[in-house]
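Asks: Fold the following.
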Amino acid sequence: MACAILLLSSKQKKNKEKQNPHLLSRLKPPPGPSPPGHLKPSRRSRGPRPLPRSRAEPPAAPRTLRERPHGAALRASGVPTQYWESLSRKLRGEIFDAGDYFGIMQVEEVDEEEEVDEEMEEEFKKKPNPGNGPCFKVIVTNENGLQASNPNSVFLVDHAWTFRVEHARHQLRHVPGLLHRMANLMGIPFHGEIPDEGSIEHVLQEMWKYSQTYQLSQGTAEEKVPVWYIMDEFGSRIQHSDEPSFAAAPLFYMPQQIAYTVLWPLRDLETGDEVTRDYAHGETDRLIRKCVLLPWVPTEVLDVSSCTPEPPDEHYQAILAENKEKLPVAINPPVYAKDKVFKVFTDIPQVLNNLTHPRFVFTDNEGEADILYNFSHFKDYRKLSEERPEVMVNQFPCENLLTVKDCLASIARRAGGPDGPRWLPRTFNLETELPQFISCFQQRDRRGEDNHWICKPWNLARSLDTHITNNLNSIIRHRESSPKVVCKYIEEPVLFEREDVGLVKFDVRYVVLLRSAQPLRLYSYDVFWLRFSNRVFSLDDLDDYEKHFTVMNYAPGATLKQVHCEDFIPLFEKQYPEYPWTTVQASIFKAFAELFQVATSKPAPLGICDYPSSRAIYAIDLMLKWDTSRDGKRIMQPQILEVNFNPDCDRACKYHPTFFNDVFSTLFLDETDNCHVTRIV
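Replies: From the prediction side, this is the model:
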């Protein structure tokens, strides 16, 4: 067998429109949402930077792309200015003229007796085509080639499918023609008109070889969740090269409220030259490039250790600089009169509406306040410590080491070594520990161990942009959308029997009060909160939110199951009579103590700063999993999922009116008698 080259010129493509619509370079995307907003770049500058215009502001069509906001986006993407005028014209006129310059080349196996153009075959052999399915390439077909200096040598690429990950399965099921088109594009056999689950699952697995991403820079937290898209058949046929001939970047065109991909040459090309781009654009480290390209060029990295020691001190110094946090100067612990009434400045409605303790009064004047209790992050501790050292604040310098997920995993290794402590799921920072994670994944796969993982943004709550998968390609590609960690998914959680549903996942939220870092004084509020899934747990249907997640407060149409802790404990102990809650909670508090001990064990910025005027309240979310103790006994092992800064205390205030009185009395008065708190450390 040998390779035959089938070349579809632009003229042939027009003639084949009815027979082979999936081979056209310009196809209208199927019906479905095309998210409005502005594009935010990935960390390797694959996309434009956030555009300054507000999403609610009606867009005015600029005369040229040099005007804001498009100019800033193009400049950030590296699109040479010589192309801007032509690009502006093509955007305004919706001119898709790639077919005048390029053709899609399909390579098929034929009998060796058939004649084959040897020159084209040799050229094909030089550049392997990554991925599965039919072999396609894009080549220059214009008889004059393509000159990079020509200002018209810039092209628009349409997007065939725009989606958010959590909506992908639903769209493949219900958007007419979408599954058929994606299956054809990816070389997946699909017959008939009715979407079948097998084909849908196959597309969901393969789509990570074709998907690109951008992020909206404005709007609600939900609207900022990364958007993924698949370019049309022309764009999706452009193959990878370490020495690419073209560059590509997404651009959101304001007047049309549509995102396109901009394609431009990096050098002059002759007729027959291949159009390629770098799938790992911006990655210079050889090992990282190998890992990033793994979805298209499968390889093993088992020679890389999966060990992840704690990062060096410079890592924490860089985080401090990035956060623009100014550490305080050393001060003596402030001393107050025993009967002092403290003036509180706060912007938190729950505090304003529920703090009724007689020794606290509110003030609108920040300058006269004794306590600053702010919702937003405080930054300039140096100025506060120098000018008003006696003023207390509801935050600690460097507390992001607890509340940001990658930092939490890093400092936790002080308690459990490179693999982390038993109370934290095995976690990798995809930004800095990608090879180690891939090695761990491949080792587990080789040993036949469970390989379900959960991808989480560093600094988002409410399960936003959080995905469960056993698809290695998916995890690698998610690294491009926003900074993420990947944690071992709890494959054997302790479940709770809901009479109306069955055995479901649940998590527990404790509110902890940090009175001081040195010496460490940590309390837990005596009431904890519970959240439940709405469907019976099983290790499948990984995109079924109500099966695998417990945060139902923000899920439209989802049932919110509420059980008070006083009612939960007897129900739990009835289901698990060998595991009294007092014993379970003792192991939970032990995990909390170890976490805060390691978090305060080193000086700032390597640990939480022991600023004497700082106090703080955090919410710790955890689950229980089945594990085996060192003596072989089956145990319920707490798994800390995240630590939340300034948590939502609405339910606490609603059902426990003295909540903030207890919090303020514990943190600012050092009076815990008659307060619903338990000292942990």
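
Asks: What segments of the stretch 401-550 of the chain are helices?
Replies: Here the stretch 401-550 of the chain has its helices, by DSSP state H, counting those that start in this stretch, at 405-416, 434-447, 472-478, 545-548.

Asks: I'd like to know which elements the third one is packed against.
Replies: Pointing back at helix 472-478 there. In terms of contacts (3 or more CB pairs under 8 Å, 6 or more residues apart in numbering; DSSP states H and E), helix 472-478 is packed against helix 434-447, strand 453-457, strand 467-469, strand 484-488. Yep, even glycine has a C-beta here, placed from its N, CA and C like the rest.

Asks: C-alpha coordinates for that helix, CSV please?
Replies: Extracted C-alpha coordinates of helix 472-478, given in CSV (Å, rounded to 0.1, in the frame of the first residue of the first chain):
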residue,chain,number,x,y,z
LEU,A,472,-5.9,12.6,30.2
ASN,A,473,-6.2,14.8,27.0
SER,A,474,-9.0,16.7,28.6
ILE,A,475,-7.0,17.5,31.7
ILE,A,476,-4.0,18.6,29.6
ARG,A,477,-6.1,20.9,27.5
HIS,A,478,-7.9,22.4,30.5
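
Asks: distance between it and the chain's centre?
Replies: The chain centre lies 11 Å from the centre of helix 472-478; the measure is CA atoms, centre = their mean, to the nearest Å.

Asks: Next: the last one.
Replies: The gap between where helix 545-548 is centred and where its chain is centred comes out at 18 Å by CA atoms, centre = their mean.

Asks: tell me which residues in the helix or strand just after that helix are buried?
Replies: The helix or strand immediately downstream of helix 545-548 is helix 565-575, counting by DSSP states H and E. Going by neighbour count (16 or more other CB atoms under 10 Å), the buried part of helix 565-575 is Phe568, Ile569, Phe572.

Asks: what's the answer for stretch 315-332, then?
Replies: By neighbour count on 16+ other CB under 10 Å, the buried set for stretch 315-332 is His315, Tyr316, Ile319, Leu320, Glu325, Leu327, Pro328.

Asks: Point out where the stretch 501-650 of the chain drops to low pLDDT.
Replies: Within the stretch 501-650 of the chain, no stretch has pLDDT under 70.

Asks: who's in contact with the nearest residue to Val341 once chain neighbours are set aside?
Replies: Excluding the flanking residues, the one nearest Val341 by CB to CB, 6 or more residues apart in numbering is Arg359, at 5.3 Å. For Arg359, the contacting residues are Asp339, Lys340, Val341, Phe342, Leu669, by CB atoms under 8 Å, 6 or more residues apart in numbering.

Asks: one step back: make TSV out of the helices of the stretch 401-550 of the chain and add distance to Val175 and mean neighbour count.
Replies: Shown next, in TSV, are these (distance: least, CB to CB, whole Å; neighbours: other CB atoms under 10 Å):
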stretch	distance to Val175	mean neighbour count
helix 405-416	34	21
helix 434-447	32	19
helix 472-478	21	21
helix 545-548	20	20
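
Asks: then the helix or strand where Val584 lies to PDB, C-alphas only?
Replies: Element membership of Val584 [criterion: DSSP H and E] is helix 581-599. In PDB, the C-alpha atoms belonging to helix 581-599 read as follows (Å, rounded to 0.1, in the frame of the first residue of the first chain):
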ATOM      1  CA  TRP A 581     -19.900  11.400  64.900                       C
ATOM      2  CA  THR A 582     -17.800  12.400  67.900                       C
ATOM      3  CA  THR A 583     -15.000  10.200  66.600                       C
ATOM      4  CA  VAL A 584     -15.500  11.400  63.000                       C
ATOM      5  CA  GLN A 585     -15.400  15.000  64.100                       C
ATOM      6  CA  ALA A 586     -12.300  14.400  66.200                       C
ATOM      7  CA  SER A 587     -10.500  13.300  63.000                       C
ATOM      8  CA  ILE A 588     -11.800  16.300  61.200                       C
ATOM      9  CA  PHE A 589     -10.500  18.700  63.900                       C
ATOM     10  CA  LYS A 590      -7.200  16.900  63.900                       C
ATOM     11  CA  ALA A 591      -6.900  17.600  60.100                       C
ATOM     12  CA  PHE A 592      -7.800  21.300  60.700                       C
ATOM     13  CA  ALA A 593      -5.100  21.500  63.400                       C
ATOM     14  CA  GLU A 594      -2.400  20.100  61.200                       C
ATOM     15  CA  LEU A 595      -3.400  22.300  58.300                       C
ATOM     16  CA  PHE A 596      -3.100  25.500  60.300                       C
ATOM     17  CA  GLN A 597       0.000  24.400  62.100                       C
ATOM     18  CA  VAL A 598       1.800  24.000  58.800                       C
ATOM     19  CA  ALA A 599       0.300  27.200  57.400                       C
END
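
Asks: Show me which residues of it are buried.
Replies: So helix 581-599, judged by 16+ other CB under 10 Å, has buried residues 581, 584-585, 587-589, 591-592, 594-596, 598-599.

Asks: To Pro603, which of the helices and strands packed on helix 472-478 lies closest?
Replies: Closest to Pro603 of the helices and strands packed on helix 472-478, according to CB to CB: strand 484-488, at 25.1 Å.

Asks: What's the local residue count around Glu578?
Replies: Glu578 has 8 neighbours, counted by other CB atoms under 10 Å.

Asks: and it, that's in a strand?
Replies: No. Judged by DSSP: H, G, I helix; E, B strand; the rest coil, Glu578 forms no part of a strand; its state is coil.

Asks: and the gap between it and Lys633?
Replies: With distances taken as CB to CB, to the nearest Å, Glu578 is found 10 Å from Lys633.

Asks: what does Asp313 give?
Replies: Relative to Lys633, Asp313 is positioned 39 Å away (CB to CB).

Asks: Arg447 too?
Replies: To Lys633, Arg447 is 24 Å away according to CB to CB.

Asks: Got the phi and psi for Asn354?
Replies: phi -130, psi -10 (degrees, to the nearest 10).

Asks: ok, how many other residues are close to it?
Replies: 20.

Asks: List the contacts of it.
Replies: Shown in contact with Asn354 (CB under 8 Å, 6+ apart): Cys653, Pro657, Phe659, Phe660, Asn661.

Asks: Output these in CSV, with neighbour count, secondary structure and pLDDT appended to each entry.
Replies: Converted to CSV, the contacts of Asn354 look like this (neighbours: other CB atoms under 10 Å; DSSP: H, G, I helix; E, B strand; the rest coil; pLDDT from 0 to 100):
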residue, neighbour count, secondary structure, pLDDT
Cys653, 18, helix, 95
Pro657, 11, coil, 95
Phe659, 21, helix, 98
Phe660, 24, helix, 98
Asn661, 20, helix, 98
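
Asks: quick one: contacts for the closest residue to Pro334 other than its chain neighbours?
Replies: Nearest residue to Pro334, sequence neighbours excluded (CB to CB, 6+ apart): Glu390, at 4.3 Å. Residues near Glu390 by CB under 8 Å, 6+ apart: Pro334, Tyr336, Asp370, Ser613.

Asks: List just the nearest of those residues to Gln218.
Replies: Ser613 (35.7 Å).

Asks: Report the separation between the closest residue to the closest one other than its chain neighbours and Lys547.
Replies: Among residues not flanking Ser613 along the chain, Met392 sits closest, at 4.9 Å (CB to CB, 6+ apart). With distances taken as CB to CB, Met392 is found 44 Å from Lys547.
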